[in-house]
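# Here is the input, now give the coordinates:
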Amino acid sequence: MIHLKKITMTVFISATAIVFALLVFAPGVALSQAFEKTTVMVPMPDGVNLATDLYIPKSDKKVPVVLVRTTYNKDTMNVIQPFMAGKGVALAVQDTRGRYASEGVSSVFIDDSLDGYETVEWLAKQPWCNGRVGTAGISALGITQYVMHKKPSPHLVCQHVMAAPESLYDTIVYQGGAVRRALFYGWILGQKYPMQMMNLILSQVDYNPVWEMMDITPNFEEINIPIMHMSGWYDLYTRGNLNAFKAINERGGPNARGKQRLVVGPWTHEGFLALAGVAQGDLTYPGNSRYDLGKIIEWFQECLQGRDKGYMSGPAVRYYVMGDPETPGAPGNEWRSADAWPIPAENTVYYMSADGSLATSKPAGEGALAFKDDPWNPVPTLGSRAHGLQRHPVDLRPIEQRDDVLVFTTPPLEQPLEVTGPITAKIFFTTDVPDTDIVVRLSDVYPDGRSMLVTDGIARAQKREGTRSRKLLTPGESYEMDIEVWPTSLIFNAGHSLRVVISGTNFPRFDVNSHNGRYHNVKPGKFEKALETGLEEFVYTPDPADDAVVANTTIHMSAGKASYIALPIVK
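This is a model prediction of the structure:
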């Protein structure tokens, strides 16, 4: 059995590994010769002090500084310093509020905008600093960077944000209106954040000022610095980095517009940058999928030190086009560049038919297929229990055999087909409950029959008119619902097929829907008991409400109600 410790360490491992590689090692420079290390308590206006390790180059010159604000214990980041030796950049590593050596009570990112602002201001005023501050980090350490734009410091010059969401509401907790159970419950509880914060977040089902404090989408036009956004096609937060890049690059302030940069690789969250090897889930990509770590320090050398490394003069986007990694000579598995995201593509509709086919021609006549959605027996999320691997390429055949799953497949392709960009599905449906979820998975069917997950999406019916409102269904009436399927870049090889898999659940990646119109089945003392008796079993065992029911859902596939998936085809 995989223990919860491993589950909650997934993001921590990624954060440590990436921060470890922030800057390229300068051989022969001893750490004690390169830095003066001090630990200080940086004061916040409310009297709370945040523990911060400073590594200041031994130099008479004032230098810029890279700030890393971590939820994972600054003492575990002590592997970074040798990689910064001789680079002319100081490093500040800080425990966020209420975490480890810092004072105060953690608020799960709510305080990080103000605390980040005060820390940057404090660093910029130090006698050894030239007033130029950059930030870096992955995952939670990326969230602490994005939210700094709720109150940006004038001394914040640039950022390097990896694998992080632009909105905790839309990308972490309520994706498509559904609840990301394994990530939200598993990480928050596993990290032992104050229980009152868990209760506060769960009580805020609707978007409100609490969520806005952890959402930079209302601030895109005000962001005014260059940011390197990095993500993976199988990452936990792919949409977040891509949405932030696109919006800020198009609508940001004068020093941000046209100066955002984006890198997307074939990476999972745990396998980010392919540092631990080129295997991602159940597929192994070529060696070129490993990211050149030297480019990370080059980013800071350009934006903090003014050394031209080709970022601002080069293409805005670098993305990895995946392909069949097992067939020699198969197209794809290469890096490409573009000036913007998404790249030009032809939005092509593939219709689902009642005979199980998937084709670009609309079905004729009437057609429909039905499935049951049983919250006590949900369709499982295949692959690792670790939430950082719940979108990795894994063979979906075990769930495709279930009678509560619908499968639609194209004939084998005669020619390779590239899909690169955002994906949407439109589903026409009828159900007998006031609320339900619909899950869409896209897979690449290999000639040997494997159905390898490419990407997925989900939508909760009561949020069908937008995630900022709720409207229950009238059982028995027909509805249509748009589902955001997260973007990808993949060349389906000749002889492969495209497949769409429809279900009502994807557990524990997403919580089950009790079909009663309510969101969380939360009772007093529930989480405290879970921490005492076994958090892993709590997170990975469905617990529908007492009044939960099985939903009977019909997907329509007629000429007038033609359900489909729209794919960005690159020719």
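# Identify the residues contacting I555.
Applying C-beta atoms under 8 Å, 6 or more residues apart in numbering, we find I555 in contact with M352, A368, L369, A370, F371, L406, I427, F428, F429, I502, S563. For every residue, glycine as well, the C-beta is placed using N, CA and C.
# swap that for I569, sorry
Counted by C-beta under 8 Å, 6+ apart, I569 has contacts A345, E346, N347, T348, L417, E418, V419.
# Give the closest residue to the second one in space, chain neighbours not counted.
The shortest distance from E346 to any residue that is not its chain neighbour, by C-beta to C-beta, 6 or more residues apart in numbering, is 4.9 Å, and that residue is I569.
# quick one, phi/psi of the one you found?
phi -90, psi 130 (degrees, to the nearest 10).
# returning to what we had before: just curious, which of the contacts of I555 is nearest to L453?
Minimum distance to L453 across these is 14.0 Å, recorded for I502 (C-beta to C-beta).
# does that closest one count as helix, strand or coil?
Following DSSP: H, G, I helix; E, B strand; the rest coil, we place I502 in the strand state.
# My read is that it contacts I438, right?
Yes. Contact criterion C-beta atoms under 8 Å: I502 and I438 qualify, at 6.8 Å.
# one step back: where's the residue nearest to E346 relative to A90, distance?
According to C-beta to C-beta, to the nearest Å, I569 stands 48 Å off from A90.
# Number of residues surrounding G329?
7 (other C-beta atoms under 10 Å).
# Could I get the pLDDT score of it?
pLDDT recorded at G329 is 96.
# Could you shift the numbering so residue one becomes 204, and keep it that way?
Sure, I'll start numbering at 204, so the last one becomes G532.
# Pretty sure Y437 sits against Q483.
Yes. Under the criterion of C-beta under 8 Å, Y437 makes contact with Q483 at 6.1 Å.
# OK, contacts around I768?
V552, Y553, M555, L561, I626, T627, A628, V643, L645, V688, V703.
# Closest one of the residues you listed to D315?
Closest approach to D315 among these (C-beta to C-beta): V688, at 30.1 Å.
# just to confirm, which helix or strand has the closest one in it?
In the assignment (DSSP states H and E), V688 maps to strand 681-695.
# helices and strands around that strand, which ones?
Counting contacts by 3 or more C-beta pairs under 8 Å, 6 or more residues apart in numbering; DSSP states H and E, strand 681-695 packs against strand 430-437, helix 441-454, strand 520-524, strand 620-634, strand 640-648, strand 654-663.
# how big is the angle separating it from strand 620-634?
On the basis of axes from the mean of the first three to the mean of the last three C-alpha atoms, to 10 degrees, strand 681-695 is oriented at 160 degrees to strand 620-634.
# can I get the CA coordinates of strand 681-695 in PDB?
Extracted C-alpha coordinates of strand 681-695, given in PDB (Å, rounded to 0.1, in the frame of the first residue of the first chain):
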ATOM      1  CA  SER A 681     -32.700  17.600 -21.800                       C
ATOM      2  CA  TYR A 682     -29.600  19.800 -21.400                       C
ATOM      3  CA  GLU A 683     -26.400  20.600 -23.100                       C
ATOM      4  CA  MET A 684     -23.100  21.200 -21.300                       C
ATOM      5  CA  ASP A 685     -19.700  22.400 -22.500                       C
ATOM      6  CA  ILE A 686     -16.800  20.600 -20.900                       C
ATOM      7  CA  GLU A 687     -13.200  22.000 -20.800                       C
ATOM      8  CA  VAL A 688     -10.800  19.200 -21.600                       C
ATOM      9  CA  TRP A 689      -7.300  20.300 -20.700                       C
ATOM     10  CA  PRO A 690      -5.000  21.100 -23.600                       C
ATOM     11  CA  THR A 691      -2.400  18.800 -25.100                       C
ATOM     12  CA  SER A 692       0.100  18.500 -28.000                       C
ATOM     13  CA  LEU A 693       0.300  15.000 -29.500                       C
ATOM     14  CA  ILE A 694       0.700  13.400 -32.900                       C
ATOM     15  CA  PHE A 695      -1.500  10.300 -33.100                       C
END
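# Can you tell me, leaving aside adjacent residues, what's nearest to F312?
Nearest one to F312, counting by C-beta to C-beta, 6+ apart, is M417 at 5.0 Å.
# got it, and I341?
With C-beta to C-beta, 6+ apart, the residue lying closest to I341 is M365, at 3.9 Å.
# ok, now which ones touch the one you found?
Contacts for M365 (C-beta under 8 Å, 6+ apart) come out as I221, G340, I341, S342, G345, M433, S434, N444, F475.
# Strands along the stretch 454-603 of the chain, start to end?
464-471, 482-483, 486-487, 520-524, 537-541, 549-555, 561-562, 571-576 (DSSP state E, counting those that start in this stretch).
# Comparing these, which comes out most buried?
Ranked by mean neighbour count under mean count of other C-beta atoms under 10 Å, these are led by strand 464-471, which reaches a mean of 25.
# Compute the inter-axis angle for that one and strand 430-437.
20 degrees.
# same for strand 464-471, what does it pack against?
On a contact count with 3+ C-beta pairs under 8 Å, 6+ apart, strand 464-471 meets strand 430-437, helix 441-454, strand 482-483, strand 520-524.
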